[in-house]
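Participant: Here's a sequence, model it:
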Amino acid sequence: MATVRFMSDTIDSASDAEIVEKFLEASMVPDPVTAARYVSENLAITFTGGRRYSHPRETAAFNARRYKWVKKRMERTDVVPGVDETIVYNVGTLYGEWPDGTPFDGNRYVDRFVVRAGKIVQMDVWNDSAERLLVRNNIQA
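Facilitator: Residues are numbered from 1 along each chain as shown. All right, here's what the predicted structure looks like:
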């Protein structure tokens, strides 16, 4: 049986959600220097396809290769408070242009964050970009 731990009164979940949203806003500019203010030194990022990064500048470089430009239409932020950390989910859609200038919109995403002591320590990213590229290239999978 798994150990069940209950939330502590010391975690400010609303503040942790704000940290995530400010991080995402800076990331969209993209401004990895400002985004880095919200992350821990030991940040672990896993992007789509299992790509691993440790700093916002790395994800900005990845996005610069994958998209001409990309932004998030943040629809919802869900917060799961814990004893020593807060899990924050941010969901919505991506819009922008592929590298060839073709526009896209409505590309679903889910970003999951772990926030400890006011800093993001983990980020996991999922979106429909690969599916959209398959369809765009007439690949049935």
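Participant: What is the end-to-end distance of stretch 115-132?
Facilitator: Terminal residues of stretch 115-132 are spaced 31 Å apart (C-alpha to C-alpha, to the nearest Å).
Participant: Pick out the residue nearest the middle of this structure.
Facilitator: Taking C-alpha atoms, centre = their mean, the centroid of the chain lies closest to Asp111, which sits 3.8 Å from it.
Participant: Asp105 - nearest residue in space that isn't next to it in sequence?
Facilitator: In this structure, Asp105 finds its nearest non-sequential neighbour in Tyr95, 4.2 Å apart by C-beta to C-beta, 6 or more residues apart in numbering. Where C-beta positions appear, they are placed from N, C-alpha and C, glycine not excepted.
Participant: Low-confidence bits of this structure, can you list those?
Facilitator: 1-11, 141 (pLDDT under 70).
Participant: all strands for it, in order.
Facilitator: Per DSSP state E, the chain carries strands over the ranges 39-46, 52-53, 69-81, 86-97, 103-116, 119-127.
Participant: Now render these as a markdown table, adding distance to Asn63.
Facilitator: Output for the strands of the chain, formatted as a markdown table (distance: least, C-beta to C-beta, whole Å):
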| stretch | distance to Asn63 |
| --- | --- |
| strand 39-46 | 12 |
| strand 52-53 | 11 |
| strand 69-81 | 6 |
| strand 86-97 | 9 |
| strand 103-116 | 12 |
| strand 119-127 | 10 |
